[in-house]
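In: Predicted model follows, preceded by the sequence.
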Amino acid sequence: MGDANFAFFLLFLLPAFLLALLYFLVRPRPVKIPIKNRHVFITGGSSGIGLALAHRAAAEGARVSILARSPEKLEEARNAIRLATGIEVAAFAADVRDFDAVKRAVDDAGPIDVLLLNHGVFVALELEKMELSDVKFTMDVNLMGTLNLIKAALPAMKNRNDPLPASIALVSSQAGQVGIYGYVAYSASKFGLRGLAEALQQEVIADNIHVSLIFPPDTDTPGLAEENKRKPELTKIIAASSGSMKADEVAQKALDGIKCGNFIVSCNFEGIALSLATAGLSPQRSFLMAFLEVVAAGILRIVALGMQWTWYGSIEKYHSQRKGSSRRS
Ligand SMILES: NC(=O)C1=CN([C@@H]2O[C@H](COP(=O)(O)OP(=O)(O)OC[C@H]3O[C@@H](n4cnc5c(N)ncnc54)[C@H](OP(=O)(O)O)[C@@H]3O)[C@@H](O)[C@H]2O)C=CC1
Ligand SMILES: CCCCCCCCCCCCCCCC(=O)[C@@H](N)CO
């Protein structure tokens, strides 16, 4: 009898108590952010994930603006979206590293409801083989470019006379949740976005602005095709721990997450595990996700250690094979 009571406590009362506690605890509170008839401004909207986001947002009835450097690629994107949906999107040619150009584009585009910062550059290469100028370029585009956009857009976003909640969404990467061989500069830039996002959310919550961080795995885009041309073998092996996705699938997950105001938005199964394992001190609006984070924490740490075990195994094997072959030659 005592055993049955204990089992009841363990299997039912304890989880129920935890769920109830988390229901009252989680902050910020859940929110719904509509995009229909609202202004969605997408950086890097001329290619890959950004283009897929622009397609989807336009199809869902948003007023869409896209920003990127190349006017030709922007025009191609506008035509493709017009052909597929019959909708005109506004295009702005600017380099995110140039604050004045970004400010002009944002002012021309008009007040933004959903600022989707998706632009990004990436090369997979060992730091040793990378020029310092390429490291700086990665930081300038991925991190400073994002800060430039936020600085340019935030005043008008705060002053909007729309009672509806607004969003600032940043496209990070699973390499922004865990460091990966070949991504020293890239992971640094994408981890940087997380600190940015956590701090920014506290600063803009009172303005009813909600921050989302999107963590895609390898995604089939022109950018990835370029990256794959000279990707280190070990980067391929380690990144293959997560499945790859189509740009449109990532865009759908991203928009769904943004509309729910989720702070962390994961895109595939491995991504969910990664997000639970790296929940840390990030805000969480969903008491169900918070419940999973709490309950799965211990076991996921073991899974994570197992992951590192296989990754370091691959690295060791790669180096010993190289040593072997260099001795033979
Ligand atoms: N593809 C993948 O495997 C993954 C990608 N990501 C992230 O998703 C985002 C999009 O990636 P993806 O679609 O693959 O990339 P693409 O290379 O296909 O597209 C990048 C977009 O960003 C724009 N862009 C690049 N640099 C600048 C700049 N300095 N100023 C303004 N716009 C710029 C490009 O236009 P233009 O060159 O004309 O400026 C283009 O529109 C990136 O942040 C990337 O880090 C995350 C995980 C996986
Ligand atoms: C505890 C549970 C662990 C679950 C598995 C973890 C798997 C991690 C894989 C990381 C893959 C990184 C892809 C980077 C994609 C990217 O950004 C580049 N293509 C550049 O664009």
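Out: Happy to help now that I have it. All figures in this text were calculated on a predicted structure; none of them were measured in a lab. Ligands and ions are numbered 1, 2, ... in the order given.
In: The closest residue to I205 other than its chain neighbours in helix, strand or coil?
Out: Nearest-residue entry for I205: P28, 5.6 Å, with adjacent residues in sequence omitted and distances by Cβ to Cβ, 6 or more residues apart in numbering. Any C-beta I mention is one placed from the backbone N, CA and C, and that applies to glycine too. At P28, secondary structure determined by DSSP: H, G, I helix; E, B strand; the rest coil is coil.
In: Mind jotting down where the helices sit in the stretch 1-150 of the chain?
Out: Secondary structure of the stretch 1-150 of the chain by DSSP state H, counting those that start in this stretch: the helices cover 2-8, 14-25, 48-59, 71-85, 99-109, 132-139, 145-158.
In: L292: which of these is closest?
Out: Closest approach to L292 among those is made by helix 14-25 (10.0 Å; Cβ to Cβ).
In: And the closest one, how far out from the chain middle?
Out: Relative to its chain's centre, helix 14-25 lies at 29 Å (Cα atoms, centre = their mean, to the nearest Å).
In: ok, residues contacting it?
Out: Taking Cβ atoms under 8 Å, 6 or more residues apart in numbering as the criterion, the residues outside helix 14-25 that touch it are 287-288, 290-291, 294-295.
In: V265 contacts F215, doesn't it?
Out: Yes: at 6.7 Å, V265 counts as touching F215 under the criterion of Cβ atoms under 8 Å.
In: Name the residue in those two with the higher neighbour count.
Out: With neighbours defined as other Cβ atoms under 10 Å, V265 and F215 compare such that F215 has more, 31 against 25.
In: For the more buried one, which residues count as its bridge partners?
Out: Per DSSP bridges, the residues bridged to F215 are S266.
In: Any idea how many residues pack against the residue nearest to I205?
Out: Applying other Cβ under 10 Å, we find 15 other residues in the vicinity of P28.
In: Check it and give its pLDDT.
Out: For P28, the model assigns a pLDDT of 97.
In: Show me the two of the contacts of helix 14-25 that sit farthest apart.
Out: Largest separation among those by Cβ to Cβ: F287 and V295, giving 12.2 Å.
In: Which one of these two is surrounded by more residues?
Out: F287 (18 against 13).
In: Relative to L19, how far out is that one?
Out: Distance, F287 to L19, using Cβ to Cβ, to the nearest Å: 7 Å.
In: And A166, by the same measure?
Out: The gap separating A166 from L19 is 30 Å, by Cβ to Cβ.
In: Compare these two and say which one has the larger neighbour count.
Out: Relative neighbour count places A166 above the other of A166 and L19, with 23 against 14, counting by other Cβ under 10 Å.
In: Got phi/psi on that one?
Out: Here is the backbone geometry of A166 (degrees, to the nearest 10): phi -110, psi 170.
In: do the same with the one 5 residues further on
Out: V171 adopts backbone torsions of phi -90, psi 110, taken as degrees, to the nearest 10.
In: That one bridge partners, please.
Out: In this structure, V171 bridges to I214 when assessed by DSSP bridges.
In: Report how many residues lie close to it.
Out: 29.
In: and if you look at N118?
Out: A total of 28 residues lie near N118 under the criterion other Cβ under 10 Å.
In: which residues touch it?
Out: Contacts for N118 were tallied using Cβ under 8 Å, 6+ apart; they are 42-45, 49-50, 53, 171.
In: Before we move on, what's the pLDDT of it?
Out: 99.
In: Renumber starting at 38 from here on
Out: Understood, numbering begins at 38; the last thing we discussed is N155.
In: In this protein, which residue is most central in space?
Out: Note on the chain: the residue nearest the mean C-alpha position is I251, at 2.3 Å, using Cα atoms, centre = their mean.
In: got a list of what I246 touches?
Out: Applying Cβ under 8 Å, 6+ apart, the residues near I246 are 194-195, 202-205.
In: out of everything not next to it in sequence, what's closest to the residue in the chain positioned nearest to ligand 2?
Out: Residue nearest to ligand 2 within the chain (Cβ to the nearest ligand atom): S210, separated by 3.2 Å. Using Cβ to Cβ, 6+ apart and skipping residues adjacent in sequence, the residue nearest S210 is K227, 4.9 Å away.
In: List phi and psi for that neighbour.
Out: Residue torsions, per degrees, to the nearest 10, at K227 are phi -80, psi -40.
In: Give me the residues contacting stretch 345-365.
Out: 218, 270-271, 274-275, 278.
In: Over to stretch 119-128?
Out: Defining contact as Cβ under 8 Å, 6+ apart, one finds that stretch 119-128 is touched by 82-83, 91-92, 95-96, 100-104, 108, 111-112, 114-115, 118, 146.
In: go with 10 Å
Out: Residues outside stretch 119-128 that contact it (Cβ atoms under 10 Å, 6 or more residues apart in numbering) are 76-79, 82-83, 91-105, 108, 110-112, 114-115, 117-118, 142, 145-147.
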